[in-house]
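Undergrad: Predicted structure and sequence below. I'll ask about it afterward.
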Amino acid sequence: MTGSRRRPDASVTADTPAPPAARGSERPEPPQRRALVNGARWVVLGRPLSSYLAEALGSAWLVLAALTAVSVTMRADGAYLSSWPLTARLAVVGAVVGGSVAVFSLTPPGKESGAHLNPAISLFMTVRGVLGVADLLGYTVFQLGGSVLGALLARGLWGDRVTAVHDGLIQPGARWDGPAAVVLGELLSTAVLLWVLAAMTARPRPRSTPWVVAAVIWGLITATGSRTGASFNPARNFGPHVVSGDYHLFWVYMLAPLAGTLVAAAALVPFAVREAWTHKVCCARDIHRYHQSRPTPRRHLPSSPR
């Protein structure tokens, strides 16, 4: 019997072909081949279940970190860091949220799923041709489910500290409490984040991408948090909406980032930037592929005879 065989003490061997190093090779593979490469792992919607679970875990981690930061910076009683100026408090929240995304991107689950933690990013990768439609649906469902889990964990861990800040629910500032202003702000913020991500994933730069994305998130939250609330991530606000039971501007915060995704993708078309190298923010496999393409050796001129 020919083909791949599973050894008790080794991974899949035999004639399983090595992954190609060509551009765009991160596109979804057929379920049969993916199951062969990954062994006897459960496959859902054409991708290992562990990838979807990783997105749920990462989204729960993101929401838990965000709500923890909000609970110590946005209280009304002046306790903890809530007596600081608003810009400084937003900078703290932005650093925590951006840092949590970057840290998860470097973990094994983050490397496996790609650490999107944001339906807008998953939609962007689908539009750019490196994530399948079925994967988009699976990622989105698990991201939203992880968001609810993160909000429940925050309430369970911190209790009144989280309920005092309305379960970390993102809402616009006092003078920006109009749907049009929030839609415009969330749309533009999402587009900026995705343009940076498009530049970073146009070629394999996995070592720096998580920290660049974290810096952009920090900057957007610090700059726009006092106006539109700085969500630009449907999964970030979905859990707090559900757990708190407050659905004010719910559809705005869910749909505006997705609209920003389409704007960001359309703006890249005139520059012929339609594909990404990979759907993953950080991936050790990409590092391996990148170093496989060795630079062309330099040609030295023959030395003149003396």
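TA: Cool, the structure landed. Numbering: from 1, shown residues only.

Undergrad: Please name the nearest non-neighbouring residue to the residue nearest in space to the middle of the chain.
TA: Centroid check for the chain by Cα atoms, centre = their mean gives His116 as the closest residue, at 2.3 Å. In this structure, His116 finds its nearest non-sequential neighbour in Ser122, 4.8 Å apart by Cβ to Cβ, 6 or more residues apart in numbering. The way it works is simple: take the backbone N, C-alpha and C, and place the C-beta from them, glycine included.

Undergrad: quick one: the one you found and Val72, what's the gap?
TA: Going from Ser122 to Val72 by Cβ to Cβ, to the nearest Å gives 30 Å.

Undergrad: same deal with Val133?
TA: Relative to Val72, and taking Cβ to Cβ, Val133 is found at 40 Å.

Undergrad: quick one, which of those two is more surrounded?
TA: Taking other Cβ atoms under 10 Å, Val133 and Val72 do not tie; Val72 has more neighbours (18 against 12).

Undergrad: Could you tell me which residues make contact with the residue nearest to His116?
TA: 116, 131, 135-136, 139-140, 143 (Cβ atoms under 8 Å, 6 or more residues apart in numbering).

Undergrad: Tell me the most packed of the residues you listed, by neighbour count.
TA: Tyr139 leads the contacts of Ser122 on contacts (other Cβ under 10 Å) with 33 neighbours.

Undergrad: Was I right to think it contacts Glu55?
TA: Yes: with contact defined as Cβ atoms under 8 Å, Tyr139 reaches Glu55; the gap is 5.3 Å.

Undergrad: Quickly list what's touching both of the two.
TA: Between them, Tyr139 and Glu55 share the contacting residues 113, 116, judged by Cβ under 8 Å, 6+ apart.

Undergrad: For Leu67, see how far away Ala264 is.
TA: 27 Å.

Undergrad: swap that for Met125, please
TA: For Met125 relative to Leu67 (Cβ to Cβ), the value is 26 Å.

Undergrad: Then Ala91?
TA: Ala91 is 17 Å from Leu67, by Cβ to Cβ.

Undergrad: and Ala69, what pLDDT?
TA: For Ala69, the pLDDT comes out at 95.

Undergrad: give the contact list for Val182.
TA: Val182 neighbours (Cβ under 8 Å, 6+ apart): 172, 176, 228-229, 249, 252-253, 256.

Undergrad: Could you rerun that using 10 Å?
TA: Residues near Val182 by Cβ atoms under 10 Å, 6 or more residues apart in numbering: 170-173, 176, 227-229, 231, 249, 252-253, 256.

Undergrad: ok, and the closest non-adjacent residue to Tyr139?
TA: Closest to Tyr139 by Cβ to Cβ, 6+ apart is Ser122, at 4.3 Å.

Undergrad: Look at that neighbour and give its secondary structure.
TA: Assigned with DSSP: H, G, I helix; E, B strand; the rest coil, Ser122 falls in the helix class.

Undergrad: any idea where the helices of the stretch 101-250 of the chain begin and end?
TA: Under the criterion DSSP state H, counting those that start in this stretch, the stretch 101-250 of the chain contains helices at 108-113, 119-127, 133-158, 160-163, 179-201, 209-224, 234-244, 250-268.

Undergrad: looking at these, which is closest to Ala102?
TA: helix 209-224 (4.0 Å; Cβ to Cβ).

Undergrad: Give the burial count for Pro234, as a bare number.
TA: Neighbour tally, Pro234, other Cβ under 10 Å: 25.

Undergrad: Next one, pLDDT for it please.
TA: 96.

Undergrad: Repeat that for Leu149.
TA: 97.

Undergrad: swap in Met200?
TA: The model's pLDDT for Met200 equals 81.

Undergrad: For it, give its distance to Thr278.
TA: From Met200 to Thr278 the distance is 11 Å (Cβ to Cβ).

Undergrad: Ser50 too?
TA: Counting by Cβ to Cβ, the gap from Ser50 to Thr278 is 18 Å.

Undergrad: Comparing the two, which shows the higher neighbour count?
TA: More crowded of Ser50 and Thr278, by other Cβ under 10 Å: Thr278, with 24 against 18.

Undergrad: what's the more buried one sitting at in phi/psi?
TA: phi -150, psi 160 (degrees, to the nearest 10).

Undergrad: Pretty sure it sits against Gly129.
TA: No: contact criterion Cβ atoms under 10 Å: Thr278 and Gly129 do not qualify, at 11.1 Å.

Undergrad: which residue packs closest to Val148, ignoring adjacent ones?
TA: Nearest one to Val148, counting by Cβ to Cβ, 6+ apart, is Gly239 at 4.4 Å.

Undergrad: hang on, the earlier thing: right, and the helices of the stretch 101-250 of the chain - which one's nearest Ala76?
TA: Short answer: helix 160-163, nearest of the helices of the stretch 101-250 of the chain by Cβ to Cβ, at 12.0 Å.
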